[in-house]
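Visitor: Return a 3D structure for these sequence lines:
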Amino acid sequence: KAHGKSSTESHLVDGFALNATRAAQGMPTNVENVKIAMLDLNLQRHRMAMGVQVVVKDPKEIENIKQREMDITKERIHKILDSGANVVLTTKGVDDLCMKYFVEAGGICARRVAKEDLKRLAKATGGQLVTTMADMEGNESFDAACLGTCERVSEERVGDGEMMYMRGCKGGASTVVLRGANEYMLDEMDRALHDALCVVKRMLESNTLVVGGGAVEA
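Guide: Have a look, this model is predicted:
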């Protein structure tokens, strides 16, 4: 759903439209031959859990601890990028330090994406939503088999904001982008479209149709 323009401007996208934007302006707006990593992970600087106490005798060790906290997230990001991913979507945050690595790699990263959207995208692209990078040996790794694939990802302006379009999805996907003057109109259009799709679904399931408008009695 996107505010602005007339309801006649609503259109069907041959692919997956995601209500998300690039995390930084330095990232490209268009990527071909895409491999998508879908994460339910925090890509912010690693911080020690609450209740953990570290006794330090040498003040220089404090700097080493801070540096190690930064390196943990850096290693995670490099593992994801080394698996071949050039588009990374996460349900949680990405801070400025981590964005730098994606910009240098020439990839797209989007943060705070809805978990339900990522689950649908995983089904459409043949990938998996990754909730942890821990492996059986107790180390961290990223399996390339979890990556989803599509032909192209582009960020396009729609109404007041931007949307990301994933075209040529392996599993096949279509998205209807609704346009309307305000939130109430968009909600009403959403309900009407949902009703119409459910009618078509029921008809395809039962393979029968009862015509309306008094035609049964005619």
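Visitor: For the rest of this, base every contact and every neighbour count on C-alpha atoms.
Guide: Noted.
Visitor: SS state for the nearest residue to residue 150 once chain neighbours are set aside?
Guide: Counting by CA to CA, 6 or more residues apart in numbering, the nearest residue to residue 150 once its immediate chain neighbours are dropped is residue 169, at 4.4 Å. For residue 169, the secondary-structure state derived from DSSP: H, G, I helix; E, B strand; the rest coil is coil.
Visitor: Wait, residue 169 touches residue 15, no?
Guide: Yes: the pair residue 169 and residue 15 passes the contact test of CA atoms under 8 Å, sitting 6.2 Å apart.
Visitor: Can you pull up the most central residue in this structure?
Guide: For the chain, the residue sitting closest to the mean C-alpha position, by CA atoms, centre = their mean, is residue 89 at 4.4 Å.
Visitor: what pLDDT, on average, does whichever helix or strand that residue is part of get?
Guide: Secondary structure from DSSP states H and E places residue 89 in strand 87-90. This predicted structure assigns strand 87-90 an average pLDDT of 87.
Visitor: part of a helix, is residue 80?
Guide: Yes: secondary structure of residue 80, determined by three-state DSSP: located in a helix.
Visitor: For it, list the residues it contacts.
Guide: Contacts here follow CA atoms under 8 Å, 6 or more residues apart in numbering; on that basis residue 80 touches 37, 142.
Visitor: where along the chain do the strands fall?
Guide: Counting by DSSP state E, the chain has strands at residues 2-3, 11-13, 15-18, 30-39, 87-90, 108-110, 129-130, 148-158, 161-167, 175-177, 179-180.
Visitor: Reformat the ones you listed as CSV; add distance to residue 80.
Guide: Converted to CSV, those look like this (distance: least, CA to CA, whole Å):
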stretch, distance to residue 80
strand 2-3, 32
strand 11-13, 29
strand 15-18, 21
strand 30-39, 8
strand 87-90, 8
strand 108-110, 12
strand 129-130, 11
strand 148-158, 13
strand 161-167, 20
strand 175-177, 28
strand 179-180, 36
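Visitor: hey, least reliable of the ones you listed by pLDDT?
Guide: When the strands of the chain are compared on mean pLDDT, strand 2-3 scores lowest, with a mean of 77.
Visitor: Parallel or antiparallel, which strands does that one pair with?
Guide: In the sheet, strand 2-3 lines up against strand 179-180 (parallel) (DSSP bridges).
Visitor: ok, residues contacting the strand it pairs with?
Guide: Contact with strand 179-180 is made by 1-10, 186, as judged by CA under 8 Å, 6+ apart.
Visitor: Dump these to TSV, plus neighbour count and distance to residue 113.
Guide: Conversion of the contacts of strand 179-180 to TSV gives the following (neighbours: other CA atoms under 10 Å; distance: CA to CA, whole Å):
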residue	neighbour count	distance to residue 113
1	18	15
2	20	16
3	18	19
4	16	22
5	15	25
6	11	27
7	15	26
8	9	28
9	11	25
10	15	23
186	18	21
